[in-house]
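> Provide a 3D model corresponding to the input given below.
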Amino acid sequence: MDKFSAMQAFIRVVEAGTFTKAADSMALPKPKVTRLIQMLETELRTKLLNRTTRRVTVTADGAAYYERAVRVMNEMDELESSMSHARANPRGRLKVDSSAAVAVPILIPALPAFLSRYPDIKLELGVTDRRVDLLSENVDCVLRGGELTEQSLVARRIGEAYLMTCAAPSYLKRHGAPQHPHDLDDPQTGHSLVKYFSPRTGRLYPFVYTRAGETIEVTGSHQIALDDAAAVVAAGVAGLGVVHALSFLIQDHIAEGRLEPLMLDWSSLPIPLHVVYPPNRHLSNKVRVFVDWVAELFANHDLVQRKSTFPRPAPVSRR
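Here you go, the predicted structure:
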């Protein structure tokens, strides 16, 4: 029996919760993973897992073995990373997840430099606003915006982003430009918002403004809501309503006249950006170099570190 492979398979089954997910994450046939676990249980002369049709849970012996197995794997990773060649040439599959709002304008354009520096890393980049379960999906790290709710994860803050309010010239010709956040809540103004909703919870997010210690939360009316930040911007460009969007997603649209900034004397609260990874794994060298690289990228990126400023637009009168 290949005890090393069996131990890896056992760890993945525990973290993924099913044999199918574990097999997919290891790129192995499910029957092979099943045989590895069975051989491991035979070798250890104890039952490690309770199997049901829907999910796998660990026995008391399995939980104890899992903790020690993870420790052994971490020590092996650390041993490999301590070798000079491994430090200089990190290798292997690196699975990362990021929202499209961050991946498309910032991360992906910079990846040629990263992959050129580390040619032996095979990067798998998931681009989605869906909340990823790092352990069950075997993801090494994720880039996330906003306050973190998973206290069990390790997070390194790499920057912050800001929201700006804007609308298409075609929309402003029909409805006029709001001068104050309350205008967006006033039914008499006839304004319609393009809302963003969480793909995980379905929650509609309000527009939040701050100025001189005053904070205003705008719910407003809307005809359309989307679960992707880039789609929200596209809806704004199409004239579907007022949008409250990440500044680095709208700068080109404003520069080229497709959107006009609004209420520049009001600000949004900064949105923290983090790179997040599981705490119960040794930070392997391939993950470490990526985390350090992405932190440096965001620390020096104008789109992230600097609030965008635009000239105040001229008032647009109603027809």
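> When you work out contacts or count neighbours from here on, use the C-alpha atoms and nothing else.
OK.
> how far away is Thr59 from Tyr65?
Distance, Thr59 to Tyr65, by CA to CA, to the nearest Å: 10 Å.
> More neighbours: which of those two?
Tyr65 (18 against 14; other CA atoms under 10 Å).
> quick one: contacts for Leu123?
93-96 (CA atoms under 8 Å, 6 or more residues apart in numbering).
> ok, and the most crowded of those residues?
Val96 (22 neighbours).
> how would you label that one: helix, strand or coil?
What DSSP: H, G, I helix; E, B strand; the rest coil gives for Val96 is strand.
> What of Ile224?
strand.
> could you pull out the strands for the stretch 51-200 of the chain?
Ranges of strands in the stretch 51-200 of the chain, per DSSP state E, counting those that start in this stretch, are 56-58, 92-98, 121-127, 141-145, 154-161, 163-167, 193-196.
> What of the stretch 201-319 of the chain?
Along the stretch 201-319 of the chain, counting by DSSP E, counting those that start in this stretch, strands occupy 207-211, 214-218, 222-226, 243-246, 260-262, 271-277.
> how about those strands, which one is nearest Leu153?
Nearest of the strands of the stretch 201-319 of the chain to Leu153, taken as CA to CA: strand 271-277 at 6.0 Å.
> Could you tell me which strands that closest one is paired with, and in which direction each runs?
strand 141-145 (antiparallel), strand 154-161 (antiparallel) (DSSP bridges).
> Pull the residues that contact the last one.
Strand 154-161 is contacted by residues 246-247, 270-279, 294-296, 298-299, 304-305, 307 when judged by CA under 8 Å, 6+ apart.
> just stretch 185-198 next, same as before
Contacts of stretch 185-198 (CA under 8 Å, 6+ apart): 175, 183-184, 203-206, 218-229, 232, 235-236, 240-244.
> Would you mind listing which of these are buried?
Listed as buried from the contacts of stretch 185-198 are 175, 183-184, 206, 218-221, 225-229, 232, 235-236, 240-244; burial here means 16 or more other CA atoms under 10 Å.
> Determine the set of other helices and strands touching the longest helix along the chain.
Scanning the chain for the helix with the most residues, using DSSP state H, yields helix 60-82. Under the contact definition 3 or more CA pairs under 8 Å, 6 or more residues apart in numbering; DSSP states H and E, helix 60-82 sits against helix 3-16.
> could you give the angle of the next helix or strand after the helix it packs on to helix 3-16?
Heading C-terminal from helix 3-16, the first helix or strand you meet, by DSSP states H and E, is helix 19-26. On the basis of axes from the mean of the first three to the mean of the last three CA atoms, to 10 degrees, helix 19-26 is oriented at 120 degrees to helix 3-16.
> quick thing: my sequence starts at 19, can you match it?
Renumbered: residue one is now 19, and that last one reads helix 37-44.
> hmm, who's touching the very next helix or strand once past helix 37-44?
Counting by DSSP H and E, the next helix or strand C-terminal to helix 37-44 is helix 48-62. Applying CA under 8 Å, 6+ apart, the contact partners of helix 48-62 are 19, 21, 23-25, 27-28, 37-38, 40-42, 65-66.
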